[in-house]
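S.K.: Just the structure for this:
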Amino acid sequence: MKGKEGHSDINKLSIGGLIVTLGIVYGDLGTSPLYTMKAIVLGGAGNFNDLLIYGSLSCIFWTLTLQTTVKYILITLRADNNGEGGIYALFALVRKKSAWAAILTMIGGAALLADGVITPSITVTSAIEGLQIFNAGIPVIPIVLVIFAGLFFIQQFGTKLVGTSFGPIMVIWFLMLGVTGFSQLIHHADILKAVNPVFAVRFLTEYPGGFVLLGAVFLCTTGAEALYSDLGHCGRANIRVSWIFVKLMLLLNYFGQGAWLLMNEAPANDINPFFSIMPGWFVLPGVIISTAAAVIASQALITGSFTLLSEAVSLNFWPKIRILYPTQVKGQVYLPFVNWFLWIICSLVVIFFKKSSNMEAAYGLAITITMIMTTLLLSYYLFQKIGRGYFPLLILIIFLTIEGGFLIANLHKFRYGGWFTLLLASIYFLVMLGFYFGRKIKNRHIKFSNLEEYLPVIKDLSKDKSVPKAATNLVYIIKANNKNQVESKVIYSIFQKQPKRAETYWLLHIDRVDDPYRFDYEFEQIIPGILMRLDFHIGFKVQPKINLYFREALEDLVQSGEINLESSYESLKKHNFTGDFKFILIERIMIRDNKLSNWENFILTLNNIARKISISDIRAFNLDSTNTVVEQVPIIVDQTIPRRINRI
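M.R.: Residues are numbered from 1 along each chain as shown. The predicted model follows:
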């Protein structure tokens, strides 16, 4: 079990890798033409003119260039944690994990999870609405709900078979974007003048409400965060090279929609230029391809939510929840609770908002917050890595200015639906805040004992036959990083709660490390044959199957001759039975007598609420419940007693 589980070379480039990248990374970003120009035209419906089209296209071009290409493709993808990306991987890279860095990570992660609810809703609904070109009475909502039911149902079986087709379908999708856009572009080539940033400046300064329309422009880059989050799945080289093709196809389609709008002045508000630029004979195939791309975008967001929360659990930002591995595909996880929760919320979003144009108002605000948090954490990381210099400060100023502008523009959406994603993000944030800092408060009151002081007592207890034997091998899971220490609660459990005699005591320390795929252990005999310590070093991408890893380590140690697991009972020993094991888990309870500040009491209240959705440590560590005992001990906070009771 020693060594690290390798990950694919993030700089490896291949044709197959490029196609897979198109299917995994660009679902959200690649489907933005479905609704971005429609949202811009709808927002400027009262004042439709050339500046609306030229200015908005100029803003789209420079947003994709500065925000997506420069920030994410060129800069952020370099901040990889052994090949892994995303806001939690970025936090793991930060050497000094201060409280404010943790809060930034929580805010960014919560906003990204909230975005994972609205993205499937708006993309699938936008695609199905294309059918209304043929028949305005087509029931869009029931069709979307049926698609969601099927999509979320298949998650439990894994997406290995379906996922293999994602790449080729997205190739067809992007080629369709480019061809349909180019078919309109050649009839109005002057639209290419919109690449001039002067039009963007004029749009923001001269067009009535132009700054507010930045909220609609921002929809073109909402999936940029996925470029970073999926770094570990696809690799930096594949993402960067495929982006050249993706960006070209996106721009062709956006500019093609703009050309069509200028040639068809003041179109009706319910017209989506994305479908309008298609030839009549191609609309039905176009809707089918769009629906497939929308489902892929939804799948990417669902899978991203699973990965994000599994990382949050490993880094102690989220309560322990059930995590399954439905296939042998590396990194693919399934979270039942999250899956069914997303299904219910996405379905309610579709029912509540009814039309994609209404969802556009709720879309973008949360993801802007995630991007700002990434910018702040990235600057902090670069400052630590590079040291004092202009580059981290320049990154901070430029992108905080751009994203700050988008945030202000998106705040206009608050009362029109943005409140929904902020409310959802706030709930996620409070769960993380309570669980992470509640754990910190409890850990602050952990008392450690010097293990050397208790070595003679442990040796005597193991041989004291007047004490009933609790087990041949007694196993404690501990948190003490220092090998010369152990939590006082373990000493309390062995000697005071009820003396527990065992022939061998095992101290298991689980070290969740920042290296995502580290997977090894260390072994030490503190008292030969009596007191052992095993340290498991497990990356935050590795499932903590402690029962399995412990058994594998024991097999190694028996094979090397370092330990003997034969039963100590003579009747069993001669028949080659191995000794029995019992795990002891100790749960620390904060008693009500402790005097804490109002802030600490608030955090612990949130912590208690968050723990309601948490599974037990037995399930989290994959222990055998039949030989595991859970004990409770109080957390004692040292405090001054103002007055002592007197005897009369």
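
S.K.: Find the least confident helix or strand in this protein, judged by mean pLDDT.
M.R.: Ranked by mean pLDDT, DSSP states H and E, the weakest helix or strand in the chain is helix 160-163, scoring a mean of 56.

S.K.: Regarding the protein, what is its longest strand?
M.R.: When the chain is scanned for its longest strand (criterion: DSSP state E), the result is strand 501-513.

S.K.: May I have the strands that pair with the very next helix or strand once past that one, each with its orientation?
M.R.: Scanning forward in sequence from strand 501-513 by DSSP states H and E, the next helix or strand is strand 519-527. Looking at strand 519-527 with DSSP bridges, its partner strands are strand 531-539 (antiparallel).

S.K.: Please find the angle between the direction vectors of the longest strand of the chain and strand 519-527.
M.R.: Counting by axes from the mean of the first three to the mean of the last three CA atoms, to 10 degrees, strand 501-513 points 150 degrees away from the direction of strand 519-527.

S.K.: Keeping just the C-alphas, turn strand 501-513 into CSV.
M.R.: Included here for strand 501-513 are C-alpha records, laid out as CSV according to Å, rounded to 0.1, in the frame of the first residue of the first chain:
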residue,chain,number,x,y,z
ARG,A,501,-7.4,-4.7,29.1
ALA,A,502,-6.1,-5.8,25.7
GLU,A,503,-3.0,-7.8,24.7
THR,A,504,-2.2,-5.2,22.0
TYR,A,505,-3.3,-1.6,21.8
TRP,A,506,-3.4,0.1,18.4
LEU,A,507,-3.3,3.8,17.8
LEU,A,508,-4.6,4.7,14.3
HIS,A,509,-3.9,8.2,13.1
ILE,A,510,-5.6,9.3,9.8
ASP,A,511,-3.7,12.2,8.2
ARG,A,512,-5.7,13.8,5.4
VAL,A,513,-3.0,15.5,3.4
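
S.K.: ok, now which ones touch the residue lying closest to Tyr569 once chain neighbours are set aside?
M.R.: Computed as CB to CB, 6 or more residues apart in numbering, the closest residue to Tyr569 that is not its neighbour in sequence is Phe577, at 7.7 Å. C-beta: built from backbone N, CA, C; applies to glycine. Remark: with contacts taken as CB atoms under 8 Å, 6 or more residues apart in numbering, Phe577 is in contact with Glu566, Ser567, Tyr569.

S.K.: Surely Phe406 and Leu213 touch.
M.R.: No. With contact taken as CB atoms under 8 Å, Phe406 and Leu213 are classed as non-touching, separated by 11.3 Å.

S.K.: burial measure for the nearest residue to Pro208 once chain neighbours are set aside, as a count.
M.R.: Of all residues not flanking Pro208 in the chain, Asn47 sits nearest, at 5.5 Å (CB to CB, 6+ apart). Per other CB atoms under 10 Å, the neighbour tally for Asn47 reads 12.

S.K.: confidence score at Asn47?
M.R.: Reading off the per-residue confidence, Asn47 sits at a pLDDT of 82.

S.K.: One more: Ile641?
M.R.: Reported pLDDT for Ile641: 59.

S.K.: Over to Asn443?
M.R.: For Asn443, the model assigns a pLDDT of 77.

S.K.: Are we agreed that it is in a helix?
M.R.: Yes. Secondary structure of Asn443, determined by DSSP: H, G, I helix; E, B strand; the rest coil: located in a helix.

S.K.: Tell me how many other residues crowd it.
M.R.: 12.

S.K.: cool, and Arg322?
M.R.: Arg322 sits with 12 neighbouring residues when counted by other CB under 10 Å.

S.K.: Would you confirm that it contacts Asn339?
M.R.: No. Counting by CB under 8 Å, Arg322 sits too far from Asn339 to count as a contact (10.5 Å).

S.K.: Go ahead and confirm Leu175 touches Leu252.
M.R.: No. Using CB under 8 Å, Leu175 is not in contact with Leu252, being 10.2 Å away.

S.K.: which of those two has more neighbours?
M.R.: The residue with more neighbours, out of Leu175 and Leu252 and counting by other CB under 10 Å, is Leu252; that gives 21 against 13.

S.K.: residue ranges with poor pLDDT in the stretch 201-350 of the chain?
M.R.: Scanning the stretch 201-350 of the chain with the threshold set as pLDDT under 70 gives 265-270, 326-332.

S.K.: the helices in it, which residues?
M.R.: With DSSP state H, counting those that start in this stretch, the ranges of helices along the stretch 201-350 of the chain come out as 214-217, 224-229, 231-234, 236-263, 273-276, 283-314, 336-353.
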